[in-house]
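Chemist: I need the structure of the sequence given here:
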Amino acid sequence: MGLSSGQRRHLISAYATISHLLLQMEEAGGQGRSPTGVGSPLSPLAPEEVRAVCAPLQELRQHLREYAVREAPEELAAFERPQDTPNTRVWLSNLLAKLQQAVDTLRPRGMRRYGRATSEDEEGLAALHANMAEQIGRARAVLDRHD
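Modeler: Okay, here's the model as predicted:
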């Protein structure tokens, strides 16, 4: 009878999640990249240790993918097919908005909640913010050209 459509979709979701987590483990262990994407770098482990940890998980992922090929080939193909470029631009726009929020926390007014600053410090923060806002504007203009 085969898996139901809900089960097939969940199978692909699990495959995507496991693949992403394995990639994060490989990057954390081998490259010292924090899975959060922020913060201090991690100390990479010896390549043989990373291989020893990740090899069985790579095998797990491969086994899961083979099962998905057999039981949910259409859903897997749809998952692996790249989305159109407008979707990429939407993601870049959303990430740029988050970047703008992070930059805006550096305005002198926003920085006051972290302590008092001299007028010279506030001028430096204002100049820094203005420069960063200009760079964000340039990036936004490129994205907006494609709307």
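
Chemist: can you pull the contacts of E75?
Modeler: By CB atoms under 8 Å, 6 or more residues apart in numbering, E75 lies in contact with R8, R9, L11, I12, A68. From N, CA and C alone the C-beta is placed, and that goes for glycine too.

Chemist: ditto for I136
Modeler: So I136 contacts L96, L99, Q100, V103 (CB under 8 Å, 6+ apart).

Chemist: filter those residues to the buried ones?
Modeler: For these, a burial check counting by 16 or more other CB atoms under 10 Å picks out V103.

Chemist: now, among the contacts of I136, which is nearest to S40?
Modeler: L99 (20.0 Å; CB to CB).

Chemist: Spatially, which residue comes closest to the closest one, not counting chain neighbours?
Modeler: I136 (6.6 Å; CB to CB, 6 or more residues apart in numbering).

Chemist: Please, which helix or strand holds the one you found?
Modeler: I136 belongs to helix 119-144 when assigned by DSSP states H and E.

Chemist: Right, I'll call it a day here.
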